[in-house]
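Participant: Return atomic coordinates for the entry below.
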Amino acid sequence: MSVTGIEKLEFGVDDLTHCARFMRDFGLAGDASGQRFTTLSGARVELNPIHSPDLPPAFEAGNTLRRMTWGVADRAALDALRPKLSRQPAFREIDGVLECQDPNGMTLRVQVTQQVAVTLNVEPINQWGDVRRIDTPSPVYDGAQPINVGHVVFFVEELAAVEAFYRDVLGFQVSDRYINRAVFLRCGVRGGHHNLFLLQLPNRKRGLNHVAFTVRDIHEVIGGGIAMNKNAWSTFIGPGRHPVSSAYFWYVNSPTGGAFEYYTNDDFLTENWRPRELEHSLVSFTEWAVEGGIDHDTRRQQKKPEAV
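Facilitator: Just a heads-up that it's a prediction; the model follows:
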């Protein structure tokens, strides 16, 4: 499999300054322009004026993701994808980058990856019968530094058609499925539980649900979420844990559209994995979660005034 992961996300927004502050508070490194941001791996997030002529047409109204770029390992992998991509709507090639539109109306590009491997110290977790952290406390984080863009989630109107595109054209693998509702896809045979999640709901048109960023461990999920609360950004839901992928999460509402997620500890799958056919339910999606997040000052659940 040639696709290695998510390389770049380009948003169209109506307030560049406000969105840039969100990106910096979220832990992304920004350049002097205030429009370009990166993870530790070099995955990029770019902000553009909502009516910028450099952006393709939007697949939903308002601030949203306008184009996403997937990376491949090398030029040979890119060349191998060209015949199939060239038969897709709105195909063009620009300076060695392939672009087309998927069946959900999202413009995507494919290019040779520019990301780098990231090596970080991650303290192990002591469990019964498996003690690995000795004479060392677990870390406490004042904020998060996202490592890469782990996955993106889209609302879709034609699930079968969009799934077929990513499987047949880009070679994605099915990890799990919610029957008649959604599919979790990963780029390669071996890798994290999903890089793309496609969700079809009865009364929801196509659009962006959220973008997810990998962090080191559950402690960084907590530290990142609390730091966002300190900086007055609202939590959608979190912290919590997804049984379907085992991942710990914290979702923050983003002014760019949808939500931004910190996550860690997702299952690593191989050729031995057999996709599950699951009923979509609250329990299958969320084992536990804190509504509204955790307050920075009290370190207690952030409650609505009427619930206090």
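Participant: And the strands in the stretch 1-150 of the chain, which stretches?
Facilitator: All strands of the stretch 1-150 of the chain, identified by DSSP state E, counting those that start in this stretch, fall at 3-13, 29-30, 36-38, 44-49, 64-72, 92-94, 97-101, 107-112, 148-155.
Participant: Mind putting those strands into JSON lines with distance to Pro137, mean neighbour count and mean pLDDT?
Facilitator: Quick note: C-beta positions are derived from backbone N, CA and C, even for glycine. Converted to JSON lines, the strands of the stretch 1-150 of the chain look like this (distance: least, Cβ to Cβ, whole Å; neighbours: other Cβ atoms under 10 Å; pLDDT from 0 to 100):
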{"stretch": "strand 3-13", "distance to Pro137": "32", "mean neighbour count": "23", "mean pLDDT": "98"}
{"stretch": "strand 29-30", "distance to Pro137": "28", "mean neighbour count": "15", "mean pLDDT": "98"}
{"stretch": "strand 36-38", "distance to Pro137": "30", "mean neighbour count": "21", "mean pLDDT": "98"}
{"stretch": "strand 44-49", "distance to Pro137": "33", "mean neighbour count": "21", "mean pLDDT": "98"}
{"stretch": "strand 64-72", "distance to Pro137": "37", "mean neighbour count": "22", "mean pLDDT": "98"}
{"stretch": "strand 92-94", "distance to Pro137": "50", "mean neighbour count": "11", "mean pLDDT": "97"}
{"stretch": "strand 97-101", "distance to Pro137": "46", "mean neighbour count": "19", "mean pLDDT": "98"}
{"stretch": "strand 107-112", "distance to Pro137": "42", "mean neighbour count": "20", "mean pLDDT": "98"}
{"stretch": "strand 148-155", "distance to Pro137": "27", "mean neighbour count": "22", "mean pLDDT": "98"}
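Participant: Lys84 is nearest to which of those strands?
Facilitator: Lys84 lies closest, by Cβ to Cβ, to one member of these: strand 97-101, at 9.4 Å.
Participant: Tabulate the strands of the stretch 1-150 of the chain (TSV), appending distance to Thr286.
Facilitator: Formatted as TSV, the strands of the stretch 1-150 of the chain follow (distance: least, Cβ to Cβ, whole Å):
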stretch	distance to Thr286
strand 3-13	24
strand 29-30	31
strand 36-38	29
strand 44-49	26
strand 64-72	24
strand 92-94	41
strand 97-101	32
strand 107-112	29
strand 148-155	14
